[in-house]
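Asks: give the three-dimensional model of this entry:
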Amino acid sequence: MEPQKFSYDTPPSNLPFTQHVEADILFSSIGDGAIATDEFGRITRVNPVALELLGYLEKELIGEWLPNKMVAVTADDMVVNLIDRPITKAFLTGHRISEKLYYRRKDGQRIPVATTISPILLDGQPIGAIEVFRDITLDEEIDRMKSEFISLASHQLRTPLSAIKTYSHMLVDGYMGELTETQRKSLHTIISATNRMNELISTLLNITRIESGTISVTLKPIQVDQLIEEVMNEVSLQAADRSITLTFGRHDRPTLSTKTDPLIFKEVLTNLVINAIKYSPEHGLVTIDAHRRTKDIIIRVKDTGWGIPKHAQDQVFSKFFRAQNIVRRETTGTGLGLYLVKGLISALGGKIWFKSDEGKGTEFSFTIPHTKRSTKAAAKSTTKRVKPRQGRAHHEKV
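Replies: Predicted structure coming up:
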């Protein structure tokens, strides 16, 4: 008889004694914190790194229900619901789950961790799980320092850019003498470049605020269709330059009304519409559509552009990502726009997703929660600070 091999599909209890010892040695040698559970979530194994990170003795963990001992909390120290715990998702789905969250040590100290939980399957059914996690305190500190540097650098860049733009406009307007046509074209190029730089600085500052949790959301009563029409007017020249037709389809009477942050809403919509214009061939069509659902308002931006390749669609909301079919046609761009849009939509409490066929076009859809207007609500505005969400960004489908 061949010796039984250890795998995720084989319960550890069925291993011969020598392989039990080997498995224990391997488990203890893992460089990150590692914990194994049975099918009920009770801890069966824990390695020395996990004990050090959590501050427990082995005898305090073995046999205990994992959620009781490893208390998971959010960035603002709220206990994560059991249904939202990675281990619960792993048991329910049968898939490996990776997330970022905070664990509370035995002494009460909170540590940020990146964790991956893999279910142990037998005949397709989970009979346990293995969690591997590591302390990412240093990673978070580096991210914070990078964000602070970007914020500081961006603020400092605004001053010289303002001077460049001001004096360029003065030259164009003839305050310093008449210009030749060649000089005028050169100054318009300078002004255009400073505008692009200002847009990039604004994007970097917004991303910094989102990632640091300092973005402010000011809720006010708004008319959605009115804001859509304002955005269309603001981007009409860019559309005209590419002979792009902009249309807005309204499904609702009376006007769509809700409470949200109008500036953030316009920032999101403007980014999506400009992308649709920028990544569509000349004489294309960009359609904006909005209608009310039971709990939210959904806005769609559809284009007849080059689309997103299938293999690249999972990375669309990643920082600095640009699909190769777009890079070949449009060399300018930072790959930050959709990353920013997703963060802003999350700040508003909404969702964003898309569908795309390469060569046929793309449709981005996003929601904002629907709040019924009242006389009192219309007279007030609410400001709240938004904390960054934990966990991986994902391709949302609704």
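
Asks: quick check: domain ranges of the protein?
Replies: Following automatic domain parsing, the chain resolves into domains at 12-135, 140-212, 216-385.

Asks: tabulate those in JSON lines, adding columns for mean pLDDT.
Replies: Formatted as JSON lines, the domains of the chain follow (pLDDT from 0 to 100):
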{"stretch": "domain 12-135", "mean pLDDT": "88"}
{"stretch": "domain 140-212", "mean pLDDT": "83"}
{"stretch": "domain 216-385", "mean pLDDT": "83"}
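
Asks: adding mean neighbour count, write those domains out as JSON lines.
Replies: Using the backbone N, CA and C atoms, a C-beta is placed for each residue, glycine as well. JSON lines is the format used below for these (neighbours: other Cβ atoms under 10 Å):
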{"stretch": "domain 12-135", "mean neighbour count": "16"}
{"stretch": "domain 140-212", "mean neighbour count": "14"}
{"stretch": "domain 216-385", "mean neighbour count": "17"}
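
Asks: mind jotting down where the helices sit in the stretch 201-350 of the chain?
Replies: 224-241, 262-278, 324-329, 337-347 (DSSP state H, counting those that start in this stretch).

Asks: tell me the angle of the second one relative to helix 337-347?
Replies: If you take axes from the mean of the first three to the mean of the last three Cα atoms, to 10 degrees, helix 262-278 sits at 150 degrees to helix 337-347.

Asks: what angle sits between helix 262-278 and helix 224-241?
Replies: Going by the same axes, to 10 degrees, helix 262-278 makes 30 degrees with helix 224-241.

Asks: which ones are touching residue 32?
Replies: 49, 132-134 (Cβ atoms under 8 Å, 6 or more residues apart in numbering).

Asks: from those, pick the one nearest residue 65.
Replies: residue 133 (17.3 Å; Cβ to Cβ).

Asks: doesn't residue 100 make contact with that closest one?
Replies: No: the criterion here is Cβ atoms under 8 Å, and residue 133 misses it with residue 100 at 9.8 Å.

Asks: with just CA atoms, put stretch 218-231 into PDB.
Replies: The C-alpha trace of stretch 218-231 is given here as PDB (Å, rounded to 0.1, in the frame of the first residue of the first chain):
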ATOM      1  CA  THR A 218     -21.100  66.600   2.600                       C
ATOM      2  CA  LEU A 219     -24.600  65.300   2.100                       C
ATOM      3  CA  LYS A 220     -27.000  67.800   0.400                       C
ATOM      4  CA  PRO A 221     -30.300  67.500  -1.400                       C
ATOM      5  CA  ILE A 222     -29.500  67.300  -5.200                       C
ATOM      6  CA  GLN A 223     -31.200  66.900  -8.500                       C
ATOM      7  CA  VAL A 224     -29.400  64.100 -10.300                       C
ATOM      8  CA  ASP A 225     -30.500  65.000 -13.800                       C
ATOM      9  CA  GLN A 226     -29.400  68.600 -13.300                       C
ATOM     10  CA  LEU A 227     -25.900  67.600 -12.200                       C
ATOM     11  CA  ILE A 228     -25.700  65.300 -15.200                       C
ATOM     12  CA  GLU A 229     -26.600  68.100 -17.600                       C
ATOM     13  CA  GLU A 230     -24.000  70.300 -15.900                       C
ATOM     14  CA  VAL A 231     -21.300  67.700 -16.500                       C
END
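
Asks: for residue 74, which of the helices of the stretch 201-350 of the chain is the nearest?
Replies: Nearest to residue 74, of those and by Cβ to Cβ, is helix 337-347 at 13.7 Å.

Asks: ok, residues contacting the closest one?
Replies: By Cβ under 8 Å, 6+ apart, helix 337-347 touches 203, 206-207, 210-211, 215, 217, 261, 264, 267-268, 271-272, 274-275, 316-321, 351-352, 366-368, 386, 389, 393.

Asks: one step back: so which of the helices of the stretch 201-350 of the chain gets nearest residue 43?
Replies: Using Cβ to Cβ, these put helix 337-347 closest to residue 43, at 33.4 Å.

Asks: now do the helix or strand following that closest one against helix 337-347, angle only.
Replies: The helix or strand immediately downstream of helix 337-347 is strand 352-357, counting by DSSP states H and E. Strand 352-357 and helix 337-347 are oriented at 140 degrees to each other (the same axes, to 10 degrees).

Asks: and strand 352-357, what does it pack onto?
Replies: Packing contacts for strand 352-357, counted by 3 or more Cβ pairs under 8 Å, 6 or more residues apart in numbering; DSSP states H and E, involve helix 337-347, strand 361-369.

Asks: chain center to that strand: distance?
Replies: Remark: strand 352-357 is offset 15 Å from the chain centroid, using Cα atoms, centre = their mean, to the nearest Å.

Asks: ok so, going back, now distance to residue 35 too, for the helices of the stretch 201-350 of the chain, in TSV please.
Replies: Listed next are these as TSV, based on distance: least, Cβ to Cβ, whole Å:
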stretch	distance to residue 35
helix 224-241	48
helix 262-278	40
helix 324-329	41
helix 337-347	30
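
Asks: nearest to residue 61, out of those?
Replies: helix 337-347 (34.5 Å).

Asks: dump that closest one to CSV, restricted to CA.
Replies: The C-alpha trace of helix 337-347 is given here as CSV (Å, rounded to 0.1, in the frame of the first residue of the first chain):
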residue,chain,number,x,y,z
GLY,A,337,-9.0,57.7,-12.8
LEU,A,338,-11.0,54.6,-12.3
TYR,A,339,-9.1,53.8,-9.0
LEU,A,340,-10.2,57.3,-7.8
VAL,A,341,-13.7,56.8,-9.0
LYS,A,342,-14.1,53.5,-7.1
GLY,A,343,-12.9,55.1,-3.9
LEU,A,344,-15.2,58.1,-4.3
ILE,A,345,-18.2,55.9,-5.0
SER,A,346,-17.4,53.8,-1.9
ALA,A,347,-17.2,57.1,0.1
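
Asks: so what's the gap between that helix and the chain middle?
Replies: The answer for helix 337-347 is 6 Å, by Cα atoms, centre = their mean.

Asks: fine by me, we can end here.
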